[in-house]
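Undergrad: Need coordinates for the below:
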Amino acid sequence: MSQIDLTLTPTTHDLGQFEVRRVLPSKKRTMVGPFIFVDQFGPAQLDLGTGMDVRPHPHINLATVTWLFEGAIDHRDSLGSFSTIRPGQVNLMTAGKGIVHSERSPAAERKAGPKLYGMQTWLALPDGKEEIDPAFEAVSDLPVVEDGRAKAIVIMGELWGERAPTTTYAETIYAEIVLGAGGAIPIEEEADERAVMLVGGEAMIDGHPLKPYELAILQPGRDMTLESKTGARVMLLGGEAFQTRRHAWWNFVSSSRERINQAKEDWAKGRFPKVPGDSEEYIPLPDGQPKTVTYP
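TA: Okay, the predicted model is just below:
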């Protein structure tokens with residue numbers, strides 16, 4: 001019997017020099033624990049002199065989590081934070097009542113031809129914490145669990161007896177697992193909701209092969225084993241199930257439609273703060289004003 005409840009196939013967006021694969025939200029499933037948005041990008045080598053340039057844009061009522069396998073990204077936000085994200089360091093930006101940020105390839109990377117390979121996820125903030133003050137942290141002192149041909153970095157939450165120092169607002173698990181040839185690691189059953197994504201190589205969960213970049217949502221309440229015959233990189237994510245539905249529109253997530261409408265108006269009228277050290281250019285509200293999506 002399969003230990004996989006549901007498999008989600010990503011929607012792939014070709015951005016020219018690299019691809020972004022979006023697997024959450026999906027029509028079949030909108031959240032896994034607090035994770036409400038999951039993008040995987042790369043691997044890619046961009047042309048010399050070029051780079052990624054995501055202009056300043058706003059968020060509310062969520063936290064963004066950036067994790068890289070290769071490359072580097074300069075993060076700036078309206079709190080005045082600046083961080084160069086590199087592999088092994090998690091960037092957690094808490095939007096709360098409102099934040100603006102930009103993401104760009106560093107100058108040194110542009111000269112060499114930037115590499116891009118990693119994950120961008122959003123966490124919905126739980127009830128009672130959606131409107132907390134915005135915050136930013138870059139954490140590189142993360143627990144590493146190693147056992148023979150298996151190595152895992154605990155990015156958020158507690159796994160394999162180790163707890164990451166990264167702030168969590170709801171119960172959250174997030175880890176990068178690298179398996180060598182013949183490597184295996186247990187996937188514990190404590191979290192309400194769990195999913196795995198194969199982002200490199202080949203791997204199986206309790207004997208069931210994983211397909212690259214698909215999100216395999218695991219049955220709750222069961223211990224499982226992740227293994228690889230030839231080597232793999234796999235992301236594990238999940239946490240507590242949300243009881244209150246969330247709405248989403250563009251870069252905004254909230255339990256309140258009215259709050260999202262207010263954020264639209266605030267961005268259109270320039271009420272959000274600026275990003276120090278970045279250009280005055282920004283990403284405008286999308287044309288056509290798409291409908292707000294409600295997540296059950």
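
Undergrad: M119 pairs with what?
TA: Q40, W67 (DSSP bridges).

Undergrad: Neighbours of it, how many?
TA: 22 (other Cβ atoms under 10 Å). Placement of C-beta: from N, CA and C, glycine included.

Undergrad: What of D287?
TA: D287 has 6 neighbouring residues, counting by other Cβ under 10 Å.

Undergrad: One more: R271?
TA: Residues lying near R271 (other Cβ under 10 Å) number 12.

Undergrad: Grab the nearest non-local neighbour of it.
TA: Nearest in space to R271, with sequence neighbours left out and distances taken as Cβ to Cβ, 6 or more residues apart in numbering, is E265 at 7.9 Å.

Undergrad: distance of the one you found from R259?
TA: From E265 over to R259 the distance is 11 Å, taken as Cβ to Cβ, to the nearest Å.

Undergrad: more crowded one of these two?
TA: For E265 versus R259, neighbours defined as other Cβ under 10 Å are more numerous around R259 (18 against 11).

Undergrad: what about the strand or helix carrying that one, distance to the chain center?
TA: Counting by DSSP states H and E, the element that carries R259 is helix 257-268. In terms of Cα atoms, centre = their mean, to the nearest Å, the centre of helix 257-268 is found 23 Å from the chain centre.

Undergrad: List the buried residues of that helix.
TA: Buried residues in helix 257-268, counted by 16 or more other Cβ atoms under 10 Å: R259, I260, Q262, A263, K264, W267.

Undergrad: My guess is L48 contacts P114. True?
TA: No - in this structure L48 lies outside contact range of P114 using Cβ atoms under 8 Å: 9.1 Å.

Undergrad: and the helix holding R259, C-alpha only, in PDB?
TA: The C-alpha trace of helix 257-268 is given here as PDB (Å, rounded to 0.1, in the frame of the first residue of the first chain):
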ATOM      1  CA  ARG A 257     -10.400  39.300   2.500                       C
ATOM      2  CA  GLU A 258     -10.900  42.900   3.800                       C
ATOM      3  CA  ARG A 259      -7.200  42.900   5.000                       C
ATOM      4  CA  ILE A 260      -6.100  41.900   1.500                       C
ATOM      5  CA  ASN A 261      -8.200  44.600  -0.100                       C
ATOM      6  CA  GLN A 262      -6.600  47.100   2.300                       C
ATOM      7  CA  ALA A 263      -3.100  45.900   1.400                       C
ATOM      8  CA  LYS A 264      -4.000  46.400  -2.300                       C
ATOM      9  CA  GLU A 265      -5.100  49.900  -1.700                       C
ATOM     10  CA  ASP A 266      -2.000  50.700   0.500                       C
ATOM     11  CA  TRP A 267       0.400  49.400  -2.200                       C
ATOM     12  CA  ALA A 268      -1.400  51.300  -5.000                       C
END
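
Undergrad: Which strands and helices lie in contact with that helix?
TA: Packing partners of helix 257-268 (3 or more Cβ pairs under 8 Å, 6 or more residues apart in numbering; DSSP states H and E): strand 53-59, strand 246-249, strand 252-254.

Undergrad: ranking the ones you listed by burial, who's on top?
TA: strand 252-254 (a mean of 24; mean count of other Cβ atoms under 10 Å).

Undergrad: show me the contacts for the residue nearest the centre of the chain.
TA: In the chain, the residue lying closest to the centroid (Cα atoms, centre = their mean) is T121, at 1.6 Å. T121 makes contacts with F35, F37, V38, D39, T64, V65, W67, Y174, L237, as judged by Cβ atoms under 8 Å, 6 or more residues apart in numbering.

Undergrad: about what we covered before: between L48 and P114, tell me which one has more neighbours.
TA: Between L48 and P114, counting by other Cβ under 10 Å, P114 is the more crowded of the two (26 against 11).

Undergrad: circling back: residues making contact with the helix holding R259?
TA: 58, 60-61, 98, 130, 247-250, 252, 254, 271-272, 285, 289, 292, 294.

Undergrad: swap the cut-off to 6 Å and go again
TA: Here helix 257-268 makes contact (Cβ atoms under 6 Å, 6 or more residues apart in numbering) with P58, I60, H247, W249, F252, S254, F272, L285, T292.

Undergrad: Switch those over to JSON lines; also include pLDDT and distance to G201.
TA: Formatted as JSON lines, those follow (pLDDT from 0 to 100; distance: Cβ to Cβ, whole Å):
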{"residue": "P58", "pLDDT": "97", "distance to G201": "37"}
{"residue": "I60", "pLDDT": "98", "distance to G201": "37"}
{"residue": "H247", "pLDDT": "94", "distance to G201": "37"}
{"residue": "W249", "pLDDT": "95", "distance to G201": "36"}
{"residue": "F252", "pLDDT": "97", "distance to G201": "36"}
{"residue": "S254", "pLDDT": "98", "distance to G201": "38"}
{"residue": "F272", "pLDDT": "97", "distance to G201": "41"}
{"residue": "L285", "pLDDT": "93", "distance to G201": "40"}
{"residue": "T292", "pLDDT": "45", "distance to G201": "38"}
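
Undergrad: Nothing else from me, thank you.
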